[in-house]
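Colleague: Predicted coordinates and the sequence they were generated for:
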Amino acid sequence: MTKKEEREARKLEKLRLEKERMYKMFSFEREYADRQSICGIDEVGRGPFAGPVVAAAVILPKDCDILYLNDSKKLSEKKRELLYDEIYEKAVAIGIGMSSEKVIDEINILQATYKAMQQAISKLSVKPDLLLNDAVTIPEVDIEQVPIIKGDAKSASIAAASIVAKVTRDRMMKEYDAVYPGYDFAKNKGYGTKAHIEGIKKQGICDIHRRTFVKKELYNMKKNNRETGAKAEAIACWFLGQQGYDILEQNFYTKVGEIDIIAKEGQTLVFVEVKYRKDDKKGYPAQAVDQRKQQKIRKSAMIYLKKNHLSFEQQMRFDVVEILGKKIRVIKHAF
């Protein structure tokens, strides 16, 4: 056998194995073959800090010949994009639903996911008579449902929905990256990566952040870890943003000391020191900002003014953000 023939033989064997796998992926669809229209439902985006949760509902034809359908997380981005186009070309009907970050904050992620799924079903051009769902039972839906644990790896219809939802949401997050630069949305798709956390530290949160998710994650402090200080400062940036401060800079270093956050509130330039303690056994966090520390911050503030060609007559003040466990407050004119 020549090398070319060997390559062709390997390709044919791979194709045979893929067709065998896809036959198994249609096992639920065959089990309910007496139903006219079987719809697969899945969602993407329950875990990120930012962006919507997106659900897709897909009805495939009974003679569907699409290969390589699988849980979208197991596929490369290139493969997902190719399958997305093929699904749209061959599907009987597709519906997309989504719940924004504001809805997620208002009613919680589970209820927001149900809402997105209900919306996706309502947008189908053909009403299905059976829903194959990835693990959940959707409330307030008058169609028979079959929840399947890890359904996106067991049902072709759910896998197709998983791919459509994933590609739809990923494309949205890439567009958001251009609107809200600095968070690396194009790469992380809103998930809490290191680059995303750094973006929140530097800029605070933006319009598409889920306030409840960011707050919960940032409060997950680690004892005796360098991340504790970084997370405390990220919380402070988030909190100050909620209070109407504009964050200008973070971690301004000088030869005499460091300023954690530099912000503006109205016309006032504010130099902020951030202090965190798990509890008050050793006193309140703000008490750690002693006279020596205050002097270092004042000197660093003067260096900042000089470096940025700002007047020493600039209206300014020194605040302390105190984080005690999960309680947070800002002390204005702290010193």
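Modeller: Structure received.

Colleague: Now do the helix or strand containing residue 7: distance to the chain's middle.
Modeller: For residue 7, the element it lies in under DSSP states H and E is helix 3-25. Its chain's average C-alpha position is 37 Å from that of helix 3-25, according to CA atoms, centre = their mean, to the nearest Å.

Colleague: now swap in stretch 73-89 and tell me
Modeller: Centre to centre, stretch against its chain (CA atoms, centre = their mean), the figure for stretch 73-89 is 21 Å.

Colleague: just stretch 151-162 next, same as before
Modeller: The answer for stretch 151-162 is 22 Å, by CA atoms, centre = their mean.

Colleague: By mean pLDDT, point me to the weakest helix or strand of this structure.
Modeller: When each helix and strand of the chain is scored by mean pLDDT, DSSP states H and E, helix 211-218 comes last, with a mean of 73.

Colleague: Tell me what residue 270 is bridged to.
Modeller: residue 263, residue 317 (DSSP bridges).

Colleague: Give the full set of residues in contact with it.
Modeller: If you count contacts by CB atoms under 8 Å, 6 or more residues apart in numbering, residue 270 has them with 245, 262, 263, 264, 316, 317, 318, 319. C-beta: built from backbone N, CA, C; applies to glycine.

Colleague: pretty sure the fifth one contacts residue 267?
Modeller: If I follow you right, that is residue 316. No - with contact defined as CB atoms under 8 Å, residue 316 does not reach residue 267; the gap is 9.9 Å.

Colleague: neighbour-wise, which of the two wins?
Modeller: residue 316 (18 against 8; other CB atoms under 10 Å).

Colleague: how close does that one get to residue 190?
Modeller: 35 Å (CB to CB, to the nearest Å).

Colleague: Enumerate every residue touching the residue positioned nearest the centre of the chain.
Modeller: Geometric centre of the chain, nearest residue: residue 48, 2.0 Å, by CA atoms, centre = their mean. Each residue near residue 48 by CB under 8 Å, 6+ apart is listed here: 188, 189, 190, 191, 192, 210, 213.

Colleague: try residue 261
Modeller: With CB under 8 Å, 6+ apart, residue 261 has these contacts: 233, 236, 237, 240, 247, 249, 250, 271, 272, 274, 321.

Colleague: Just give the number of residues close to the closest residue to residue 329 other than its chain neighbours.
Modeller: Nearest residue to residue 329, sequence neighbours excluded (CB to CB, 6 or more residues apart in numbering): residue 322, at 5.5 Å. Number of residues near residue 322 (other CB under 10 Å) recorded here: 23.

Colleague: same deal with the one 10 residues further on?
Modeller: Using other CB under 10 Å, residue 332 has 13 other residues around it.

Colleague: One more: residue 116?
Modeller: 28.

Colleague: Tell me the pLDDT of it.
Modeller: Residue 116 is assigned a predicted lDDT (pLDDT) of 98.

Colleague: Which of the helices or strands spans it?
Modeller: Taking DSSP H and E as the definition, residue 116 sits inside helix 109-122.

Colleague: quick one, what contacts residue 199?
Modeller: Residue 199 neighbours (CB under 8 Å, 6+ apart): 182, 183, 184.

Colleague: again, 10 Å this time
Modeller: Contacts of residue 199 were listed using CB atoms under 10 Å, 6 or more residues apart in numbering, and they are 50, 180, 181, 182, 183, 184, 185, 188, 193, 205, 206, 234.

Colleague: What are the structural domain limits within the chain?
Modeller: The record's domain split for the chain, according to automatic domain parsing, is 3-178, 219-331.
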